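Asker: Sharing a model prediction with you, sequence too.
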Amino acid sequence: MYDLRLVKTATDADTARRLAREALWLRQLDTVETLKGQVPELIDQGTDAKGWPYIVLKIQPGTGETRAFTGGHAKFLASLGKARFRATDFEVTGKCQWLQRSLPAGVPLLEDAYYDCEKALLYWTGPYVLSQGDFAPWNIRTFGSQLFVFDWGQAYADASPLDDVLHYLMVQRRLKTVPLLRKAMTRAHDFALGAYPEWTWRPKVIGALTLVYLLGVVLHRGAQRADPLVDAYWRLIEKRTAWMPG
């Protein structure tokens, strides 16, 4: 198997920020032995003749993507979670603080959903981890028995440990019905039990962290219901009394 080089160059301020974020996280992930050969290697970073930043990555070619959430996906996310990990309360995490800052004024549904997250997780201390940010089939290739995961420009720390699992299960199909959401929650629950067995994963906690995920995606994409994914997740937030335990 041979290595490939990938050059990514920014074309505006937003992509420049993403490249900087990707470079930052790839440097840190390079020190994680359990992820060796599963994430791009940053081999150069600079500015082109037009003044735009660029990065050069060494990548594995891979053999294709799969839509199923397999044991390989669970193993990768468990290793990633240990790369940047802390046990704490939801209210002091970066994810919670970002949600607070991102809530648009005058949208009671989203404000109420945030407070439901905060209330349900008030007395629960758990693991908060590094998220890839867009853990989806189109950013993942198989490489032998392992995964190779691209595109770290949206990675962030202090994430819910269910964010990447739920995203993988839901984003590819834009799940918007309660029965399908419950199936995704069951799979995320199974992942949590296997990856973090030392914590208590009550149904109420799984429900609250699912709402954290949905709300996070809606806010990240500007809460614009013209976006099909935002509209699908918005409807699930509206129906949360039907699927959130307790």
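Answerer: Looks like it came in fine. Numbering: from 1, shown residues only.

Asker: Would you mind measuring from the residue sitting furthest away from the middle of the chain to residue 9?
Answerer: Within the chain, the residue lying farthest from the chain centre (CA atoms, centre = their mean) is residue 49, at 33.8 Å. Residue 49 sits 11 Å away from residue 9, taking CB to CB, to the nearest Å as the criterion. Yep, even glycine has a C-beta here, placed from its N, CA and C like the rest.

Asker: Could you report the neighbour count for the nearest residue to residue 116 once chain neighbours are set aside?
Answerer: Spatial nearest neighbour of residue 116, excluding adjacent residues (CB to CB, 6 or more residues apart in numbering): residue 211 at 6.2 Å. Neighbour count of residue 211, defined by other CB atoms under 10 Å: 22.

Asker: Check residue 208 too.
Answerer: Look at residue 208: counted by other CB under 10 Å, it has 25 neighbours.

Asker: For it, which residues are in contact?
Answerer: Going by CB atoms under 8 Å, 6 or more residues apart in numbering, residue 208 touches 116-117, 120-121, 124, 244.

Asker: Let me know the pLDDT of it.
Answerer: Residue 208 is assigned a predicted lDDT (pLDDT) of 98.

Asker: now do residue 173
Answerer: With respect to pLDDT, residue 173 scores 78.

Asker: With residue 1 instead?
Answerer: Here the pLDDT value assigned to residue 1 is 46.

Asker: Tell me who's in contact with residue 206.
Answerer: With contact taken as CB under 8 Å, 6+ apart, residue 206 is in contact with 162, 185, 188-189, 192, 245.

Asker: my read: residue 176 touches residue 236, true?
Answerer: Yes. Residue 176 is in contact with residue 236 according to CB atoms under 8 Å; the separation is 6.1 Å.

Asker: who's more crowded, these two?
Answerer: Neighbours per residue (other CB under 10 Å) separate residue 176 from residue 236, with residue 236 holding more: 21 against 17.
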